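**Student:** Here is a sequence together with a model predicted from it:
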Amino acid sequence: MAYSDKLLDHYENPRNVGAMDKDEDSVGTGLVGAPACGDVMKLQIKVDEDGIIEDAKFKTFGCGSAIASSSLVTEWVKGKTLDEASEIKNTDIAQELALPPVKIHCSILAEDAIKAAVSDYKSKKDPKSEAAE
Amino acid sequence: MQDKNKIMSMTKGNWSKDEPLYLDYQATTPTDPRVVEKMLPFFSERFGNPHSRTHHYGWDAEGAVENARAQVASLIGASPKEIIFTSGATESNNLALQGVGKFYKDKRNHIITCVTEHKCVLDTCRHLEQDGFEITYMPVQQNGLIDLDKLDAAITDNTLMVSIMAVNNEIGVIQPIKEIGALCRAKGAFFHTDAAQAAGKIPLDVDDMNIDLMSISGHKLYGPMGIGVLYVRRRPRVRIVAMINGGGQERGMRSGTLPTPLCVGIGEACELAQKEMGAETERLKMLRTRFYDGINERLDEVFLNGDLEQRIPGNLNISFAYVEGEGLMMGVNDLAVSSGSACTSASLEPSYVLRALGVEEELAHTSLRIGLGRFTTPEEVDYAVETIATEVTRLRAMSPLWEMAQEGIDIKSIEWAEH
């Protein structure tokens, strides 16, 4: 399978690998996927007082496409508001990395990870909003 | 000529890092240059049809084919008359199962096989089920081996044939062939074994092991692709119905003009394997130990899939916990290995062989199959160990599962959303 240069770059030099304290109020954590399926992504966002994502970290268990997709979204969400970050679509990720069709699920997982992290952050800020999700 | 030089340099162990290091000897093996040498005259110079009975060209080719037949027979303790040339082990397995099945269907219609067999045996059995056969798929133990008591209990008066592979293609484990053969003989069932991964690697003797039918592949034992063998016992006689009809070649069991160069190739490959098996087994065991010890010195939480002792010397199948197999293969892309991960197969299911051993899905996703062979050198093993250990360490540092394991979180306690 031929992978794009961008994908290989993210796989070989992943951006923002790491972890933040998930108990901190300013941190939202999204953990999606399942070990039995061969993909698990953990995406964390740190949100400042103006509601802007100032930092993002990831760890991923999965194939090269899954690692690259999560690395890419940590770059994309930085500097965005929560609403803007939630608008990132799997198709944008798939297009940017030129994912082959069998790897589209990796981009879907990355989109889910953003949404899960945003949702986790919001539920910490306002426990009622979780019910509205 | 350039290609020939390349093969020669590869086979001398001068791997140059310009191309991935080949560690996938269970997928296929390079044709040994000594085999190629023997095959070459039979393409353009000694090109006769071995079935031509009226001139020198035919007689010459026939002599070469019969010599090859004797070389193959010698490797497995058979008579040359019991060797049928086919296109490969897939055809041989089909012919054994379908051919015997069709001939004896009215007498007995129960066939026993095993869940870890190659797809070409399992798929053929599925088709036989549709044709009215009753198939028993034996489970395997955690080490990948058949439980002989369970097999004994499964054989009935209606059992026509037992088909159990000699060596598994993914985990390299050697089934107790001699014991299985004795059971079958005692109960009057035919014994077929798919020996594609076994022939030339471990000693096989059809009489000593009571084998009635045996499949062999050319390209798994340093011979050419496109040729295989089915051994069919003559005393007591095993009858089969042909799948390919025509001029009645191969004693009516497999029509079609024999490919002389390929026959010569598999014959020579068998002879070389027979001559060199003893020394080669020792050398490969040494290399495998070097590999496995090297990995274990560098990494924790690695698990060997399949029995270590009852195993061909050229195979390792290792799960590197918390690192997904396909992601790992991308990182070690200068090694040509294969993985039991879902992502590398068309089915999106992790290896059915590993699942049959009871390997958990998450560990099945993290496995690599490493195949060592005739042209593998100690330097190559050291390089591969270094590459794999470095990459596993890198990927674990970015694995959320590894992080959880280090924090003492039980991954099974988390409610994962299966997707």
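**Tutor:** Happy to help now that I have it.

**Student:** Can you show me the strands along the chain?
**Tutor:** Chain wasn't specified; assuming chain A. Secondary structure of chain A (DSSP state E): strands at A:27-34, A:39-47, A:53-61.

**Student:** Correction: the question concerned chain B.
**Tutor:** Assigned by DSSP E, the strands in chain B fall at B:21-22, B:83-86, B:110-114, B:134-138, B:159-163, B:190-194, B:213-217, B:228-232, B:302-304, B:315-320, B:335-336, B:338-339, B:367-371.

**Student:** Which of the strands of chain A has the highest mean neighbour count?
**Tutor:** Ranked by mean neighbour count under mean count of other CB atoms under 10 Å in any protein chain shown, these are led by strand A:39-47, which reaches a mean of 26. All C-beta spots, glycine's among them, are computed from the backbone N, C-alpha and C.

**Student:** Pairing partners for that strand, with directions?
**Tutor:** Paired neighbours of strand A:39-47 in the sheet (DSSP bridges): strand A:27-34 (antiparallel), strand A:53-61 (antiparallel).

**Student:** mind listing what residue 120 touches?
**Tutor:** Because you didn't say which chain, this covers chain A. Residues counted as contacts of residue A:120 (CB atoms under 8 Å, 6 or more residues apart in numbering or on different chains) are A:28-30.

**Student:** wrong chain, I was asking about chain B
**Tutor:** So residue B:120 contacts B:89-90, B:93-94 (CB under 8 Å, 6+ apart).

**Student:** Which of these lies at the shortest distance from chain A?
**Tutor:** Proximity of these to chain A (CB to the nearest CB) peaks at residue B:90, which lies at 24.8 Å.

**Student:** thinking again about what came up before, distance to residue B:219 and mean pLDDT for the strands paired with strand A:39-47 - can I get that in a markdown table?
**Tutor:** As requested, those are arranged in a markdown table below (distance: least, CB to CB, whole Å; pLDDT from 0 to 100):
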| stretch | distance to residue B:219 | mean pLDDT |
| --- | --- | --- |
| strand A:27-34 | 38 | 95 |
| strand A:53-61 | 35 | 97 |
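
**Student:** can you list the ones you listed in TSV and add distance to residue B:82?
**Tutor:** Conversion of these to TSV gives the following (distance: least, CB to CB, whole Å):
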stretch	distance to residue B:82
strand A:27-34	51
strand A:53-61	51
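
**Student:** With adjacent residues omitted, what lies nearest to residue B:56?
**Tutor:** Using CB to CB, 6 or more residues apart in numbering or on different chains and skipping the chain neighbours, the partner closest in space to residue B:56 is residue B:48 (7.5 Å).

**Student:** hmm, back to that, right, and the strands of chain A - which one's nearest residue B:299?
**Tutor:** strand A:53-61 (16.1 Å; CB to CB).

**Student:** Flag every buried residue along stretch A:120-130.
**Tutor:** Using 16 or more other CB atoms under 10 Å in any protein chain shown as the test for burial, stretch A:120-130 gives A:120-124.

**Student:** Lowest-confidence entry in those residues?
**Tutor:** Within these, the minimum per-residue pLDDT falls on residue A:124 (89).

**Student:** if I pick that one, what's in contact with it?
**Tutor:** The contact partners of residue A:124, taken as CB under 8 Å, 6+ apart, are A:25, A:28.

**Student:** Kindly report the same for residue B:417.
**Tutor:** Shown in contact with residue B:417 (CB under 8 Å, 6+ apart): A:32-34.

**Student:** gap between it and residue A:104?
**Tutor:** Between residue B:417 and residue A:104 the distance is 18 Å, computed by CB to CB, to the nearest Å.

**Student:** where does the closest residue to residue B:265 other than its chain neighbours fall, phi/psi-wise?
**Tutor:** With sequence-adjacent residues excluded and distances taken as CB to CB, 6+ apart, residue B:265 is closest to residue B:224, at 4.2 Å. Main-chain dihedrals, residue B:224, degrees, to the nearest 10: phi -80, psi 160.

**Student:** give me the number of residues near residue B:224?
**Tutor:** Neighbour count for residue B:224, taken as other CB atoms under 10 Å in any protein chain shown: 21.

**Student:** can you check residue B:220 too?
**Tutor:** By other CB under 10 Å, the residues close to residue B:220 number 27.

**Student:** and the closest residue to it other than its chain neighbours, what does it touch?
**Tutor:** Among residues not flanking residue B:220 along the chain, residue B:196 sits closest, at 5.2 Å (CB to CB, 6+ apart). Neighbour list for residue B:196: B:89, B:118, B:165, B:169, B:215-217, B:220, B:228 [criterion: CB under 8 Å, 6+ apart].

**Student:** Dump the contacts of residue B:120 to JSON lines, plus neighbour count and pLDDT.
**Tutor:** Written out in JSON lines, the entries for the contacts of residue B:120 read as follows (neighbours: other CB atoms under 10 Å in any protein chain shown; pLDDT from 0 to 100):
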{"residue": "B:89", "neighbour count": "28", "pLDDT": "98"}
{"residue": "B:90", "neighbour count": "20", "pLDDT": "98"}
{"residue": "B:93", "neighbour count": "31", "pLDDT": "98"}
{"residue": "B:94", "neighbour count": "19", "pLDDT": "98"}
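
**Student:** Return the residues of chain A in contact with chain B.
**Tutor:** With CB under 8 Å from any CB of the partner chain as the criterion, chain A meets chain B at residues A:3, A:11, A:14, A:17, A:19, A:31-42, A:58-64, A:66-67, A:102, A:105, A:109.

**Student:** what does the model give the residue nearest in space to the middle of chain B for pLDDT?
**Tutor:** For chain B, the residue nearest the mean C-alpha position is residue B:197 (2.8 Å; CA atoms, centre = their mean). If you check residue B:197, the pLDDT there is 98.

**Student:** any idea how far it lies from chain A?
**Tutor:** Distance, residue B:197 to chain A, by CB to the nearest CB, to the nearest Å: 26 Å.

**Student:** wait, isn't that residue in contact with residue B:165?
**Tutor:** Yes - using CB atoms under 8 Å, residue B:197 makes contact with residue B:165 at a distance of 7.4 Å.

**Student:** Leaving out sequence neighbours, find the closest residue to residue B:27.
**Tutor:** Among residues not flanking residue B:27 along the chain, residue B:338 sits closest, at 6.3 Å (CB to CB, 6+ apart).

**Student:** what's near enough to touch the one you found?
**Tutor:** Neighbouring residues of residue B:338 by CB under 8 Å, 6+ apart: B:24, B:26-27, B:329, B:344, B:368-369.

**Student:** what's the burial count for residue A:112?
**Tutor:** Neighbours of residue A:112 (other CB under 10 Å): 18.

**Student:** my guess is it meets residue A:32, correct?
**Tutor:** Yes - the pair residue A:112 and residue A:32 qualifies as a contact (CB under 8 Å) at a distance of 4.6 Å.

**Student:** sorry, back to before: quickly compare the strands of chain B and say which is most buried.
**Tutor:** strand B:213-217 (a mean of 30).

**Student:** list the contacts for residue B:207?
**Tutor:** When contacts are counted by CB under 8 Å, 6+ apart, residue B:207 touches residue B:77.

**Student:** I'd like the mean pLDDT over stretch B:137-150, please.
**Tutor:** pLDDT averaged over stretch B:137-150 gives 97.
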